[in-house]
Every structure is written in structure tokens, then in C-alpha cells.
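Peer 1: coords please:
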Amino acid sequence: MEHESNLHIALAAKNIEVFFKKLLFITVFFMPSLSGTASPKDSTIALRQNKKIDFRVLPLANYAPETGLLVGIGEIMSFNLHEDSITHYSLITGNVAYTQDKQDYVYLHYQFWTKNNDYYLECESDYYNYNYSYWGIGDARVPKEVYYVRFPKIYANAYKKITSNFYMGIDYYYEDDVIVSTQPGGVLSSGEITGSKGGVISGSGIDLIYDTRDNIYFPKHGWYIKETSYFNEPQLGSTFKFGRLITDASWYYPLSKPVVLALTQHNQLSWGEVPLNQLALVGGIRQIRGYPSGYYRDNALTYLQAETRIHLINRVGFVAFATMAFFGNYHTFPETPSPLFAKRGRTAL
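Peer 2: Numbers count the residues shown, from 1 in each chain. Have a look, this model is predicted:
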């Protein structure tokens, strides 16, 4: 019976993977028939006046210690749901990628703005067949362990404009982790770490946004403050009962025509029966860069990041950044935090 159950789970995971890959194939290869003929330089005017859709297909290539060489294909489609000078552009982006370490994933992200920006809908649907590294939780460090996991992930956030710069909304998050393998003899193989046997994460909460940026995709000045909460309950189908609260506050200021200063203050707090993949993670390409993803993880994290962004020519720019962060357990945070300092620079294309 157990073998039959595992077979059903494997077949279900495979069916989900095929579905997402077919969905992305349709998006990438058949949507160009809807795209407009506007040139890149005139795409903004064409979209406003002729309701054209700007569609691009781009190759992907990257290298990171966690993945090795990554190759794939991505797409980005921008369009305006209403022909006016106020409504933001809506976006659909996606990519499919394969890595040197035999990882693969499918990613689809949607951002829709209704007339006069009265409503905003943000969604993401992914499927990952990935391996991650684990070094322990908090100060309980262990030698690096690699574990493999497959999961679909879906989240949807819906917002209503309350005032010209303030939005309020609700969110939903779903993830179904299937742990394919863990390192023999490691801490995770014992199954004692919450989430090391897999499980379903399903939660909902309240979101708030305050936004005064001059451009939502490439801001040069203004504020962006966002609060997101997730309350995962068995009544929603979650294997674990826990909560997460995340806040971000970003400020943009032009130092000169090609130079923009960007400051970000991020906080994350989790409590309850939190799976290891839902803890606050340090590292990766999005936050506290310079550390491998998940090099540190715990219930609470706060960091301040400063970036200087310089536009050089065409699509070439330079970013210099510095980050200072503290993480710890929410029972003792911030009395006994562990400091992290990361300073790196990179060229962005």
C-alpha cells in the first residue's frame, strides 16, 4: 500500500510538472501572434495609442554556486488594459530553465492593473525540481547538507486602492513540498526538523502598500512600503500551523542624471510550526547577496541595504551595494542577534 501511495504521489507530481511546462510553452511560443509591431524606442507611445502588446523572448544564462551553469528561455509581455496616461502597464513574465546540477523549474508571474490603477492583481505560479543546501537553523550550525525537493508554488495578491498612494488587499499562498532525498546520516534525514519530511503550506492574510514612486518598474525617486502576512492553518489545508509577517520599505533618490540611490529596510518574523523552507533565509540573488541561499535561516531577520545604481549605456549599468543584517529566534530577538555584514559590487546587464 505504501509503495502504491508513493507511486500515485510521483505520478501526480509528474503531471503537475508537465502541465506547467505546457502552459509556459503556450505562453512563450503562441503569444507572439498578439504582439504589436512597435519598435523598442516607440513602444510606450504605440501601447498608449494603438493598444499594441509588446512581447519579447530572451535567452537566459547564469552561474551560481548553488546551481552551476543555468540556461533557459524567458519571455516578457507588457500591455495596457486601458488607453490612458494614468493606468500602469500590466506584465506577464515567465521562464523555463535547466541547471548544470540537474535542476529545472518553470516560472510564471503576472501583474495586472485596472483602469486608473483602482485594482492591482499580482500572481505567480511555479514548479521547481531543485536541490537546496542546509547549514542548520540559527546558531545551531551543522555541516552543509544537500536535499532535493519538488514543489508547485502559487500565490495571488489582490489590492484595492484606498487613496491615491495607499492600497489594501488580501493574499493567498500555496506550496506542496515533496522531499525527494536528503543526505544520508545528516540532520534532515532524521525527520526531526520541521518540514524535512515535506508537507503542504497554505495560508492567507492582509496586505498593505504605500507607493509614491515615479515609475513602478524603474523608479528614480519616491517611497515603496509593503506589508505582507500569511496565516497558515489546517482549515486552509496546511500541514503546518504557523504565521509570517514581512515588511519592506524602499526609498529612491536621484543623485545625478545617471545615478540613483536606493535604500531598503526589510523585516521578516515567523512563529509557530515553521517549516525550514519558510524561515527567514539569508543569501541568494535577492537579499543579502554574497552568501549562498539559506546559509543562515531563523525565525526573525532584519536588514538594511543601500544601493547605488548607475546607468552606463543602453542596457548596461553598474550596481554597488552594502548590506547590514541581524537574524535570530523571535523569543530572544533582538537581544541576542547574530550580525552579518555583506559588501559586494557587480555589473548588471
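
Peer 1: Does anything pack onto the top strand by length along the chain? Which helices or strands?
Peer 2: Criterion DSSP state E: the longest strand present in the chain is strand 140-161. The contact analysis (3 or more Cβ pairs under 8 Å, 6 or more residues apart in numbering; DSSP states H and E) places strand 140-161 against helix 2-30, strand 119-137, strand 166-181, strand 199-211. (Glycine included, C-beta is placed from N, CA and C.)

Peer 1: For that strand, list every residue counted as buried.
Peer 2: 145, 147-159, 161 (16 or more other Cβ atoms under 10 Å).

Peer 1: Then stretch 244-261?
Peer 2: Buried residues in stretch 244-261 (16+ other Cβ under 10 Å): 244-252, 260.

Peer 1: picking up where we left off before, mean pLDDT lowest where, among the helices and strands packed on strand 140-161?
Peer 2: Mean pLDDT is lowest for helix 2-30 among these, at a mean of 41.

Peer 1: what residue lies at the spatial centre of this structure?
Peer 2: By Cα atoms, centre = their mean, the mean C-alpha position of the chain lies nearest to residue 286, the distance being 7.9 Å.

Peer 1: for it, helix, strand, or coil?
Peer 2: Under DSSP: H, G, I helix; E, B strand; the rest coil, the three-state class of residue 286 is coil.

Peer 1: which phi and psi does residue 115 have?
Peer 2: phi -60, psi 130 (degrees, to the nearest 10).

Peer 1: Double-check it against residue 83; I have them as touching.
Peer 2: No: with contacts counted by Cβ atoms under 8 Å, residue 115 stays clear of residue 83, the gap being 9.7 Å.

Peer 1: circling back: tabulate the buried residues of stretch 244-261 (TSV), appending distance to residue 171.
Peer 2: Output for the buried residues of stretch 244-261, formatted as TSV (distance: Cβ to Cβ, whole Å):
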residue	distance to residue 171
244	11
245	12
246	10
247	14
248	14
249	18
250	19
251	24
252	25
260	29
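
Peer 1: In strands, which of the residues you listed fall?
Peer 2: 244-252, 260.

Peer 1: quick one, domains of this structure?
Peer 2: Residue ranges for the domains of the chain, per automatic domain parsing: 1-117, 139-148+167-349.

Peer 1: Export these to a markdown table and append columns for distance to residue 125.
Peer 2: Below are the domains of the chain laid out as a markdown table (distance: least, Cβ to Cβ, whole Å):
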| stretch | distance to residue 125 |
| --- | --- |
| domain 1-117 | 5 |
| domain 139-148+167-349 | 10 |
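
Peer 1: and of the ones you listed, who's closest to residue 127?
Peer 2: In terms of Cβ to Cβ, the element of the domains of the chain nearest to residue 127 is domain 1-117, at 4.1 Å.

Peer 1: where does residue 313 sit relative to residue 258, distance-wise?
Peer 2: Per Cβ to Cβ, to the nearest Å, residue 313 is found 10 Å from residue 258.

Peer 1: on that earlier part again, okay, now the sheet partners of the longest strand of the chain, with direction.
Peer 2: Its sheet considered, strand 140-161 pairs with strand 119-137 (antiparallel), strand 166-181 (antiparallel) by DSSP bridges.

Peer 1: Tell me the confidence at the residue lying closest to residue 94 once chain neighbours are set aside?
Peer 2: Nearest non-adjacent residue to residue 94, counting by Cβ to Cβ, 6 or more residues apart in numbering: residue 108, 4.3 Å away. Reading off the confidence values, residue 108 has pLDDT 95.

Peer 1: okay, now residue 108: neighbour count?
Peer 2: For residue 108, the count of nearby residues is 20 (other Cβ atoms under 10 Å).

Peer 1: Residue 285 - how many residues pack around it?
Peer 2: 9.

Peer 1: Same question for residue 217.
Peer 2: 10.

Peer 1: Run through who's touching stretch 88-95.
Peer 2: Contact with stretch 88-95 is made by 24, 27-28, 47, 60, 72-81, 106-113, 117, 216-217, as judged by Cβ atoms under 8 Å, 6 or more residues apart in numbering.

Peer 1: swap that for stretch 271-281, sorry
Peer 2: 132, 134, 137, 149, 175, 177, 188, 193-196, 199, 201, 232, 240-244, 268-270, 287, 293-294, 296-301, 327, 330.

Peer 1: Mind giving me the PyMOL select for those residues, buried ones only?
Peer 2: Buried members of these, defined by 16+ other Cβ under 10 Å, are picked up in PyMOL with:
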select buried, resi 132+134+137+149+175+177+188+193+194+195+196+199+201+232+240+242+243+244+268+269+270+287+293+294+296+297+298+299+300+301+327
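
Peer 1: Run a quick check on residue 167 versus residue 211, I expect a contact.
Peer 2: Yes: if you go by Cβ under 8 Å, residue 167 and residue 211 touch, sitting 7.3 Å apart.

Peer 1: where are the low-confidence patches of the stretch 201-349 of the chain?
Peer 2: 330-349 (pLDDT under 70).

Peer 1: Which stretches in it count as strands?
Peer 2: For the stretch 201-349 of the chain, applying DSSP state E, counting those that start in this stretch gives strands covering 222-232, 242-254, 259-272, 280-282, 296-298, 300-313, 316-328, 338-348.
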